[in-house]
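**Student:** Everything below, folded, please.
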Amino acid sequence: AGLSLSNTVSFLEVFGVDRVRSTVHNWVHKADLQPESGRSPNHVAVDETVIRLDDEQYWLYAAVDPETNDLLYTQLEPTRNNAIADQFFADLREKHDVDDAIILVDGAAPLQRACRKHDLDFRYERHGNRNSIERVFREVKRRTICFSNCFSNAEAETANEWLRSFAFAWNQLI
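**Tutor:** Model (predicted):
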């Protein structure tokens, strides 16, 4: 339900379930929580933002259905370039039926170029329906601000798993 591991342990104690943080952490990773596949949205807001893992910078690519505010797909990458944007859209198309959707992007050249390469209909939009992805990014950053706005002492794969679990929880809560 979007709780931290410590808060989840406290919440479980209310119901008489006595578990330590590491056990709850292992449950989350074993569950392999990911957003549901197979959606067919009319619009998809796509963007990228910087996430810090200790002193390293990574790029979080994300796609959101602005109609439902559901987080459709995330991908964490060490850099931002055309090849990664291409792969993001290839993976997004594999997970969801977005071929007939209008992709809402900002001025990021790699995202626009990848839309052209995948023959996706896209529209430059700074506000409006793109605000849904900005809300998701704000929430991710709000949840990581307690770690100095980064994932401290976390490997990229751990952060990526957290982001996929976050996406799953986000979609359940909205």
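
**Student:** give me the low-pLDDT residue ranges for this structure?
**Tutor:** Low-confidence regions of the chain, defined by pLDDT under 70, span residues 1-7, 11, 24-36, 143-154, 170-174.

**Student:** Which elements pack onto whichever strand or helix holds residue 84?
**Tutor:** Per DSSP states H and E, residue 84 falls inside helix 82-95. Judged by 3 or more CB pairs under 8 Å, 6 or more residues apart in numbering; DSSP states H and E, the packing partners of helix 82-95 are strand 43-53, strand 56-65, strand 70-77, helix 109-117. Bear in mind the C-beta positions are built from the backbone N, C-alpha and C, glycine included.

**Student:** do you know which of those lies nearest residue 138?
**Tutor:** Of all the helices and strands packed on helix 82-95, strand 43-53 sits nearest to residue 138, with 9.6 Å by CB to CB.

**Student:** Direction included, what does the closest one pair against?
**Tutor:** strand 56-65 (antiparallel), strand 102-105 (parallel), strand 150-151 (parallel) (DSSP bridges).

**Student:** in the helix holding residue 84, what counts as buried?
**Tutor:** 84, 85, 86, 88, 89, 92, 95 (16 or more other CB atoms under 10 Å).

**Student:** so what's the fourth one closest to, chain neighbours aside?
**Tutor:** To tie it back to what came earlier, the one meant is residue 88. residue 61 (4.6 Å; CB to CB, 6 or more residues apart in numbering).

**Student:** swap in the first one?
**Tutor:** Using CB to CB, 6+ apart and skipping the chain neighbours, the partner closest in space to residue 84 is residue 77 (4.9 Å).

**Student:** related to what we said a few turns ago, pick the one among the buried residues of helix 82-95 closest to residue 57.
**Tutor:** For the buried residues of helix 82-95, the nearest to residue 57 is residue 84 (13.6 Å; CB to CB).

**Student:** That closest one and residue 17: what is the separation?
**Tutor:** 41 Å (CB to CB, to the nearest Å).

**Student:** could you list every residue that touches residue 111?
**Tutor:** 46, 47, 48, 85, 105, 122 (CB atoms under 8 Å, 6 or more residues apart in numbering).

**Student:** Within its local environment, how many residues does the residue lying closest to it once chain neighbours are set aside see?
**Tutor:** When the adjacent residues along the chain are set aside, residue 111 lies closest to residue 105, with 4.6 Å between them (CB to CB, 6+ apart). Residues near residue 105, counting by other CB atoms under 10 Å, number 25.

**Student:** Report how many residues lie close to residue 70.
**Tutor:** 20.

**Student:** That one is in contact with residue 64, isn't it?
**Tutor:** Yes. Counting by CB atoms under 8 Å, residue 70 does reach residue 64; the two are 6.8 Å apart.
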